[in-house]
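Undergrad: pasting the sequence and the predicted model now:
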Amino acid sequence: MIINWGALALVAVATVVAAVSIVGLFSLGVAALTTEHARTGPTAALTTFAGYACITVSGLIAVYGLYLIIPQFH
Amino acid sequence: MSTTFFLVAVVIVTALFFDFTNGFHDSANAMGTSVATGAFRPRTAVVIAAILNVVGAFLSTEVAKTISGGIVNDALVTPTMIFAGLVAAILWNMTTWLFGLPSSSSHALFGGLIGAVLIGAGAAGVNFSVVVSKILLPAVAAPVVAGLAAGLATFLVYRWFRGVEQGPAAGWFRRAQTVSASMIALAHGTSDGQKTMGVITLVLITGGYQAAGTGPQTWVIATAGLAIGLGTYSGGWRIMRTMGKGLVDLQSPQGFAAETTSAAAILASAHMGFGLSTTQVCSGSIIGTGAGRKLATVRWGKARRMVYGWMLTLPAAALFGAIAAAVALTGPLGVLIVLLALLVGSGGIFAISRRTAVTHLNVNDSPNVTVSFGRSRPSPLPAVPTGVPRLPGGNAAPQTITLSGIGHPAGPAETATPPRADQAAVITTTAARPAPGPTGSGPTVLTAEAAAQTGGGVGPGSIEGSSPGAQP
């Protein structure tokens, strides 16, 4: 019986890393855009920018997912 | 009409029917969590999922070259065996759907095929080591990997960011959910849509209606895509309720975490050579995201029954497949009998489901999927609370018919599971107080009704037509 343990481990690690980083990044962006003191503090413009940047990056990761799903792209 | 043509036509129709059940069984994978958190309205959710499923089916160019990926020896498989396997898979899918039980459609199909091949070609036709490495091990790995990832993501998000579930932040997460859910629906279309195309194409080739080595014809792609899309659109609300409301009380950040994890796991498994079942990945993510947030309720009883259902899927479908093959292999008459059994069986299951219908209107109303096997009682229990006083804080009668046997399609074995504490209380009260309540305007009628409830074999203790052993 051939069990591809390496592939299983790779899938497991990729899933954990992807899930934690995407969800973490998006949450960071949302927190920057919605938290009260981040919106009113002296660095409000910077946090807003950072917030949108985080959400954009998670959006780009979603686009990469789309690339993976659609076989015509590769 | 030659026998071959008849057989090929029957297999194609059955394969499309299976595709349809695959669609309504799996629409909850993509949309269950989004519907539960309100990211999508129920109808919108199934429309989007259906469209993406069809698009995915058309996108997918790499049609399965084998029916089963080596689980059975394809050289020994005849169209009749495929037919028997499909019938078994459909009936198992319908049964699990009736109980609102998320279970893998692929496992049902493999199980049905294994049973049919065991009868038709003997044990040599089944590659048992592949069964272990491609079905059993991934079945254990999928929920564990997805559960861990979703649990960790949820735990960290709720720890780092306070109040992510409130106000404008929740809105952001709901919007993100629409993206993550759509990704799952599209990925599902590319993988499951082509399974049926592969089956139909192989049957056409075996029957001599298509040259060997050629890809699926356009009408096959179109009908298979349409069948899975229609199935997805029809909703599968019973499973949607279990996945969205039944396992965990989800907030939108949890829904997003679960869907992102599922999408990541599905894509990783598709591209790194270790196939995982979509259903098991999605269920694992949902449970993980429930366990990852403090104060979140995970209904472990339901989760446990779901796992029992997973464990049953392969052997039960194999048993159905073996029986179907034994009958169908006797000749065209046998095939007709199996076809008739399929129609009667799925029609009967559908009829039972109508008694306690779950639709887009009530999918979020309750975490429970109820099943009623009683005769001639469309909805008798809701009548009880008018006469019997409500318990303080109790949800009264509708809770008493709660299906406690979501993982026990077999039925009678159910009585071994003790009801939850609150249910038990309600059952006791209902049974102990058949007398009219203070608000009773028609005491005689109510007494008779209550007596019928408790003594007539359709009372709370005899849910699913089993013996009254569920009484505490």
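TA: Cool, got the structure.
Undergrad: any stretches of the chain with poor pLDDT?
TA: With no chain named, the answer covers chain A. Along chain A, the parts satisfying pLDDT under 70 run over A:1, A:37-39.
Undergrad: sorry, should have said chain B
TA: Using pLDDT under 70, chain B drops low at B:1, B:61-67, B:374-472.
Undergrad: against A:T15, how distant is the residue sitting nearest the centre point of it?
TA: In chain B, the centroid-proximal residue (CA atoms, centre = their mean) is B:P102; its distance is 3.5 Å. As judged by CB to CB, to the nearest Å, B:P102 and A:T15 stand 19 Å apart. All C-beta atoms are positioned from the backbone trio N, CA, C, and that covers glycine.
Undergrad: also B:T297?
TA: From B:T297 to A:T15 the distance is 25 Å (CB to CB).
Undergrad: the two: which has the busier surroundings?
TA: Remark: of B:T297 and A:T15, A:T15 carries more neighbours, 30 against 12, as counted by other CB atoms under 10 Å in any protein chain shown.
Undergrad: quick one: list the elements packing against the host helix or strand of the more buried one.
TA: In the assignment (DSSP states H and E), A:T15 maps to helix A:5-34. Under the contact definition 3 or more CB pairs under 8 Å, 6 or more residues apart in numbering or on different chains; DSSP states H and E, helix A:5-34 sits against helix A:36-40, helix A:44-69, helix B:137-160, helix B:167-206, helix B:252-271.
Undergrad: list the buried residues of the helix or strand following the longest one.
TA: Using DSSP H and E, the helix or strand that follows helix B:167-206 in sequence is helix B:218-234. When burial is assessed from 16 or more other CB atoms under 10 Å in any protein chain shown, helix B:218-234 yields the following buried residues: B:220-221, B:223-233.
Undergrad: looking at those residues, which is nearest chain A?
TA: For the buried residues of helix B:218-234, the residue nearest chain A by CB to the nearest CB is B:I221; the value is 13.7 Å.
Undergrad: between the buried residues of helix B:218-234, which is closest to B:N29?
TA: Of all the buried residues of helix B:218-234, B:T232 has the smallest distance to B:N29: 10.0 Å, by CB to CB.
Undergrad: what residues are up against that closest one?
TA: For B:T232, the contact set (CB atoms under 8 Å, 6 or more residues apart in numbering or on different chains) comprises B:G23, B:F24, B:D26, B:S27, B:V46, B:A49, B:A50, B:N53, B:A185.
Undergrad: and those, which two are the farthest apart?
TA: Across the contacts of B:T232 (CB to CB), the longest gap, 13.1 Å, separates B:F24 and B:A185.
Undergrad: how far away is A:I3 from B:I135?
TA: Counting by CB to CB, the gap from A:I3 to B:I135 is 12 Å.
Undergrad: okay, those two: which has more neighbours?
TA: Remark: of A:I3 and B:I135, B:I135 carries more neighbours, 22 against 14, as counted by other CB under 10 Å.
Undergrad: roughly how far apart are that one and B:A123?
TA: Taking CB to CB, one finds B:I135 at 17 Å from B:A123.
Undergrad: hmm, back to that, please convert the contacts of B:T232 to TSV, extending it with distance to chain A.
TA: Compiled in TSV, the contacts of B:T232 are given as follows (distance: CB to the nearest CB, whole Å):
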residue	distance to chain A
B:G23	18
B:F24	22
B:D26	16
B:S27	17
B:V46	20
B:A49	14
B:A50	17
B:N53	12
B:A185	10
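Undergrad: so can I have a markdown table of these showing secondary structure and neighbour count?
TA: Compiled in a markdown table, the contacts of B:T232 are given as follows (DSSP: H, G, I helix; E, B strand; the rest coil; neighbours: other CB atoms under 10 Å in any protein chain shown):
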| residue | secondary structure | neighbour count |
| --- | --- | --- |
| B:G23 | helix | 31 |
| B:F24 | helix | 26 |
| B:D26 | helix | 30 |
| B:S27 | helix | 30 |
| B:V46 | helix | 30 |
| B:A49 | helix | 31 |
| B:A50 | helix | 25 |
| B:N53 | helix | 33 |
| B:A185 | helix | 26 |
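Undergrad: who touches B:S104 in this structure?
TA: Contact analysis of B:S104 by CB under 8 Å, 6+ apart lists B:A139, B:S277, B:T278, B:T279, B:Q280, B:W310, B:T313.
Undergrad: out of these, what pair is the most spread apart?
TA: The most widely separated members of these, counting by CB to CB, are B:T278 and B:T313 (13.8 Å).
Undergrad: the helix holding A:T15 versus helix B:137-160: what angle between them?
TA: Angle between the axes of helix A:5-34 and helix B:137-160 is 30 degrees (criterion: axes from the mean of the first three to the mean of the last three CA atoms, to 10 degrees).
Undergrad: and helix A:5-34, what's buried?
TA: Residues of helix A:5-34 classed as buried by neighbour count (16+ other CB under 10 Å): A:8, A:10-12, A:14-16, A:18-34.
Undergrad: before we move on, what about stretch B:133-146?
TA: So, applying 16+ other CB under 10 Å, buried residues of stretch B:133-146: B:S133, B:K134, B:I135, B:L137, B:P138, B:A139, B:A141, B:A142, B:P143, B:V145, B:A146.
Undergrad: show me what contacts the residue of the stretch 301-450 of chain B found nearest chain A?
TA: Distance from chain A to each residue of the stretch 301-450 of chain B (CB to the nearest CB) is smallest for B:L314, at 16.9 Å. By CB under 8 Å, 6+ apart, B:L314 lies in contact with B:H107, B:F110, B:G111, B:I114, B:V131, B:I135.
Undergrad: hmm, 7 Å instead?
TA: B:H107, B:G111, B:I135 (CB atoms under 7 Å, 6 or more residues apart in numbering or on different chains).
Undergrad: what do you get for B:G56?
TA: By CB under 7 Å, 6+ apart, the contact set of B:G56 is B:L186, B:A187, B:H188, B:G189, B:T190, B:G193.
Undergrad: three-state assignment of the closest residue to the fourth one other than its chain neighbours?
TA: Same thing as B:G189. Spatial nearest neighbour of B:G189, chain neighbours left out: B:G56 (2.0 Å); criterion: CB to CB, 6 or more residues apart in numbering or on different chains. Under DSSP: H, G, I helix; E, B strand; the rest coil, B:G56 falls in the helix class.
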